[in-house]
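Trainee: here is a sequence with its predicted model. Questions after.
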Amino acid sequence: MSEALIRNLRNLLGADAVLTEPEDLVRYEEGWRYGKGKALFAVRPGSTAQVAEALKACHAAGVRVIPQGANTGLVGASTPDASGRMAVLSLERLNRRLEIDTVNRTARVDGGVLLSTLNGALLDHGLMFPIDLGADPSIGGMIATNTGGTRLLRYGDVRHNLLGLEVVLADGTVVEAMNQLRKNNTGLDAKQLFVGTSGVFGVITGAVLQVVPVPGQQATALVGCASGEAALLLLRSLERDLADVFTAFEVISAEALVPVFVHHPAVRNPYGSSQPPAYTALVELASTLPSAALDLPGLLEERLGAFLETEAGEGITDIFMGRAEDLWAIRHHVSESLRQEGKVLAFDISVPRSRMAAFTEAARTLLQADYPFVRCCDFGHWGDGGTHLNLVWNEAASPRPTPDLVPELQSRIYDLAVKGFEGSYSAEHGVGPHNQRFYEAYTPAVIRALSGKLKAHLDAEGILGTTKLD
């Protein structure tokens, strides 16, 4: 049956649109961090019509399909399972449509267009898609996972910047909702059904995105904070005084910061030989106004200086103004530096911003009491309530084997975040096989039931994806 399906797909889409050789399938079978399976074949349609034909053929043959964009996800939701019976539907060739409307300030794109390609085209018009992250995902994948990024504080996530959507359902039905309107209050906003649902409701083949002007100037500073509470007081002050130009507020613990300078000596250490304080905040302002109209560096320096004079400013230990690329280089080297320190168990967690410091302290207390050999190296987007709580330990010296330790730590940290601090076990990475059991543990039954009904309606045979939202 699979051989007949492959012949059919090649007749429909072209001989080179279907890959079957093991050496050709390797790159579709393993994710960026998690997820590794075996594909029956990979099909690479080049248009929405071809996606529809491919899904219709797979649906008729009863072959399950995993949609895949740039395969940069972090929860294993874009790779096939280990059965060898799933087809990978890659959108790498679905990247021809890229239409920019500078007056409406929108971009109409194919689902396989890469973020870097989109921003390269937008830059010629002084525009950008404001979701900033280290990977280079496809637009369809960003929508399927509702990507956040480092500037969510100012611009919101993908959901906030999505106007229209084109989706192909499991049976090949095309849903065309490529709305270009910012105001359209006419009932159900159907596109939101597909945002953040890991491609299990339908394959995203096109989108209309709201884009924004590229800032003409930035001002960036590193601010040393004696405690997490001091960092939150700084956040509140900057947001109150500078909300119109406040674009990013990243926080890095000393435990996460020191390895950057150990493993990347080319990255300048503003603290020199001194021990960094408990936390360092990376603050960014940006504006389209020219420096002649608004002196952003001067404004940031003045506001930080004024904060130091207040009672809340007593928790500030250092202030370093600098070039944006130099200061952001510190933040961008954290993850790879920690990987050189030992085994890393990474958590993508959010809690209410007001409880971030307390949550982190509670996590440290838990680890010190029961897992003293594990270091808590936390950093992340405190401006939007997100933290990457990275736990690091030396596997060779660990009193517990890693296969036993990892699921235990996951359960305890997630329980603390979700049940103890009204948080989320997945702040921005989405849901996939990597965190499937926590979706099942924490999602209210009524929401799972509703999601199951939607899945049954949109994909009655259950052929799309490996994530289960019911």
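Mentor: Yep, that arrived. Numbers count the residues shown, from 1 in each chain.
Trainee: look at the closest residue to Glu255 other than its chain neighbours and report its pLDDT.
Mentor: In this structure, Glu255 finds its nearest non-sequential neighbour in Cys377, 4.3 Å apart by CB to CB, 6 or more residues apart in numbering. Placement of C-beta: from N, CA and C, glycine included. At Cys377, the model reports a pLDDT of 98.
Trainee: OK, contacts around Cys377?
Mentor: Applying CB atoms under 8 Å, 6 or more residues apart in numbering to Cys377 gives the contacts 253, 255-256, 259, 338, 341, 390-392.
Trainee: again with Tyr371
Mentor: 393, 405, 409.
Trainee: touching, the first one and Phe373? I think so.
Mentor: Yes - under the criterion of CB atoms under 8 Å, Trp393 is in contact with Phe373, at a separation of 5.4 Å.
Trainee: who has more neighbours out of the two?
Mentor: When Trp393 and Phe373 are compared for neighbours, Trp393 comes out ahead with 23 against 12, by other CB atoms under 10 Å.
Trainee: just give the closest residue to that one, not the sequence neighbours.
Mentor: Trp393 sits nearest to Val374 (CB to CB, 6+ apart), 4.7 Å away.
Trainee: buried stuff in the helix or strand hosting Leu405?
Mentor: Leu405 belongs to helix 402-415 when elements are defined using DSSP states H and E. For helix 402-415, the neighbour count (16 or more other CB atoms under 10 Å) marks 405, 409-410, 413-414 as buried.
Trainee: what does it contact?
Mentor: 343, 345, 347, 349, 363, 366, 370-371, 374, 389, 391, 395, 398, 425, 438, 441-442.
Trainee: pLDDT weak spots in this structure?
Mentor: Across the chain, residues meeting the criterion (pLDDT under 70) sit at 1.
Trainee: domain map for it?
Mentor: The record's domain parsing of the chain by automatic domain parsing lists 2-90, 98-213, 217-332, 342-430.
Trainee: grab the most central residue of the chain for me.
Mentor: Thr147 (4.1 Å; CA atoms, centre = their mean).
Trainee: that one contacts Ile131, doesn't it?
Mentor: Yes - contact status for Thr147 versus Ile131: in contact at 5.4 Å, counting by CB under 8 Å.
Trainee: shared neighbours of these two, which are they?
Mentor: Between them, Thr147 and Ile131 share the contacting residues 157-158, judged by CB under 8 Å, 6+ apart.
Trainee: returning to that earlier point: which of the contacts of Cys377 sits closest to Asn179?
Mentor: Nearest to Asn179 among the contacts of Cys377 is Asn390, at 39.5 Å by CB to CB.
Trainee: just to revisit the earlier point, show me what contacts the residue nearest to Trp393?
Mentor: By CB under 8 Å, 6+ apart, the neighbours of Val374 are 367, 391-393, 409.
Trainee: dump these into a markdown table; add distance to Asp244 and secondary structure as well.
Mentor: Converted to a markdown table, the contacts of Val374 look like this (distance: CB to CB, whole Å; DSSP: H, G, I helix; E, B strand; the rest coil):
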| residue | distance to Asp244 | secondary structure |
| --- | --- | --- |
| Leu367 | 39 | helix |
| Leu391 | 38 | strand |
| Val392 | 38 | strand |
| Trp393 | 43 | strand |
| Leu409 | 41 | helix |
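Trainee: doesn't Asp24 make contact with Ala42?
Mentor: Yes - between Ala42 and Asp24 there is a contact under CB under 8 Å: 7.3 Å.
Trainee: who's more crowded, those two?
Mentor: Between Ala42 and Asp24, Ala42 has the larger neighbour count (other CB under 10 Å), namely 23 against 13.
Trainee: the more buried one and Arg96, how far apart?
Mentor: 19 Å (CB to CB, to the nearest Å).
Trainee: I'd like the distance between Val174 and Val283.
Mentor: Taking CB to CB, one finds Val174 at 45 Å from Val283.
Trainee: so those two - more neighbours on which side?
Mentor: Using other CB under 10 Å as the criterion, Val174 and Val283 rank with Val283 on top: 26 against 17.
Trainee: how much space separates that one from Pro22?
Mentor: Relative to Pro22, and taking CB to CB, Val283 is found at 49 Å.
Trainee: swap in Asp124?
Mentor: 41 Å.
Trainee: what does Gly120 give?
Mentor: With the distance defined as CB to CB, Gly120 ends up 34 Å from Pro22.
Trainee: and what of His332?
Mentor: If you go by CB to CB, the gap between His332 and Pro22 works out to 35 Å.
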